[in-house]
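K.L.:
The following comprises the amino acid sequence and a computationally predicted model.
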Amino acid sequence: MTAVQTITEEILDLKRQRKAMILAHHYQDSEIQEIADSIGDSLELSRTAQKFEGDVIAFCGVVFMAETAKVLNPSRIVVLPDMEAGCSLVDACPADQVRAFRERHPEHVIVSYINTSVEVKAESHILCTSRNAVKIVNSIPAEKPILFLPDINLGNYVKKQTGRENMQIWQGACIVHATFPARRVAAARAEHPHALVAAHPECPPGVLAMADFIGSTSAIIDWCVAADAKEFIVMTESGVGHSLRRRAPEKQFYFVANENCNCSECPYMKRNTLEKLRDALANLSPRIELSEDVMSRARLPIERMLAVR
Ligand code: 13P
Ligand code: SF4
């Protein structure tokens, strides 16, 4: 490194040396999204990771996303800038409880949101993401009982959309989306009467009831960019503002804060920094290391999901 080399240049140099690809979720800080080879939602990033033919995937997201990349492309090294980048949904759903449910209810199809640990994926029949959850549940024969886990709001939304009565739902929640209050959306609509509302399905039912569009992070961005309206109230993590402002600079986007931290940021996602990304590429650590056994059991439900078009 030269004295005048910026951290961005250092990262790009290391990326070339390591034959690496940088993936970034939409909730990453703008400076990380700027340097990424690909930005996406959890489904898009899984597909991109699966196809990668270089040596190292530097995953700027949270642990469950980097684990999924490793399972789908096990011969690559997968690094995550900060191994403490967890997720409240993962914490809400321990694998031993899922295994116990499966043993007690062998007839249930276990549909797991991608926001789960690799051990929970290994106990599941099929995965889903916020983008494809309705389609995945609709692909399961109507007579089969379902356990949907772990997000209660996404589960209730999917249950409503599919009309599935025989669907049990885990009680997990996202510490960001679940705290968005419906009354704040109502207040934002009163303030911006021409704005449309776009919401992530992890939001509470009262928020979803006010939404003009419900979808994954990428789906929200695509919808806002394509819509005729000029103003949007965006009910998801504020990192999506980066792509929204880049792709539709003439439009206005309003993010509604929650009441606990007065922000709409995921504290796990925001643990990653450019410095930590540089160090992860330099040291090839922190690295995702998983046993062959758990990877082979988790791969099947992920591949089942990817096969549903
Ligand atoms: P997406 O599937 O939209 O990327 O969402 C992931 C997530 O963690 C939402 O909070
Ligand atoms: Fe998990 Fe919520 Fe953060 Fe998404 S926003 S990674 S669901 S805690």
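P.N.:
Nice, thanks for sending it over. Residues are numbered from 1 along each chain as shown. Ligands and ions are numbered 1, 2, ... in the order given.
K.L.:
Contacts only, for the residue of the stretch 1-150 of the chain found nearest ligand 2.
P.N.:
Ligand 2 sits closest to C87 of the stretch 1-150 of the chain, with a gap of 3.3 Å, by C-beta to the nearest ligand atom. Backbone N, C-alpha and C define where each C-beta goes, glycine included. C87 sits next to 62-64, 115, 174, 268 when contact means C-beta atoms under 8 Å, 6 or more residues apart in numbering.
K.L.:
ok, E143 - how many residues close by?
P.N.:
Neighbourhood size, E143 [other C-beta atoms under 10 Å]: 7.
K.L.:
Over to the one 3 residues further on?
P.N.:
Other residues near I146 come to 22 when the count uses other C-beta under 10 Å.
K.L.:
Touching, it and T162? I think so.
P.N.:
No - between I146 and T162 there is no contact under C-beta atoms under 8 Å: 9.3 Å.
K.L.:
okay, and the common contacts of the two?
P.N.:
Taking C-beta under 8 Å, 6+ apart as the contact rule, the neighbours common to I146 and T162 are V137.
K.L.:
Please identify the buried residues of stretch 281-298?
P.N.:
Neighbour-count burial for stretch 281-298, counted by 16 or more other C-beta atoms under 10 Å, picks out 281-282, 286, 288, 290, 294-295, 297-298.
K.L.:
of all those, which two lie farthest apart?
P.N.:
A282 and R297 (32.9 Å; C-beta to C-beta).
K.L.:
residue ranges for the helices of the stretch 101-250 of the chain, please.
P.N.:
Using DSSP state H, counting those that start in this stretch, the helices found in the stretch 101-250 of the chain span residues 118-122, 133-138, 152-162, 182-191, 205-209, 217-226, 241-247.
K.L.:
Who are the packing partners of the last one?
P.N.:
Translated: helix 241-247. helix 30-35, helix 217-226, strand 231-235, strand 252-255 (3 or more C-beta pairs under 8 Å, 6 or more residues apart in numbering; DSSP states H and E).
K.L.:
re earlier: what score does the residue of the stretch 1-150 of the chain closest to ligand 2 have for pLDDT?
P.N.:
pLDDT, C87: 98.
K.L.:
And it, how close does it get to ligand 1?
P.N.:
C87 sits 6 Å away from ligand 1, taking C-beta to the nearest ligand atom, to the nearest Å as the criterion.
K.L.:
From S42, how far off is that residue?
P.N.:
The gap separating C87 from S42 is 10 Å, by C-beta to C-beta, to the nearest Å.
K.L.:
V62 too?
P.N.:
From V62 to S42 the distance is 9 Å (C-beta to C-beta).
K.L.:
the more surrounded of those two?
P.N.:
For V62 versus S42, the count of surrounding residues by other C-beta under 10 Å is larger for V62: 27 against 23.
K.L.:
How many neighbouring residues does the closest residue to that one other than its chain neighbours have?
P.N.:
Once flanking residues are discounted, V62 sits nearest to A85: 4.5 Å by C-beta to C-beta, 6 or more residues apart in numbering. If you count neighbours by other C-beta under 10 Å, A85 ends up with 26.
K.L.:
tell me the contacts of A85?
P.N.:
Contacts of A85 by C-beta under 8 Å, 6+ apart are 61-63, 268-269, 271-272.
K.L.:
and which of those is nearest E103?
P.N.:
V63 (26.3 Å).
K.L.:
if I look at the closest one, how far off is V120?
P.N.:
V63 is 12 Å from V120, by C-beta to C-beta.
K.L.:
And the two? Which one has more around it.
P.N.:
Ranked by neighbour count (other C-beta under 10 Å), V63 and V120 place V120 first, with 28 against 21.
K.L.:
Make sure that one is actually in contact with C93.
P.N.:
Yes - with contact defined as C-beta under 8 Å, V120 counts as touching C93 (5.6 Å).
K.L.:
and for those two, which residues touch both?
P.N.:
149-150.
K.L.:
got a list of what the residue nearest the centre of the chain touches?
P.N.:
The centroid of the chain falls nearest to S42 when counting by C-alpha atoms, centre = their mean (4.2 Å). Taking C-beta under 8 Å, 6+ apart, we find S42 in contact with 25, 61, 65, 68, 114-115, 129-131, 216.
K.L.:
Enumerate every residue touching V294.
P.N.:
With C-beta under 8 Å, 6+ apart, V294 has these contacts: 118-119, 122.
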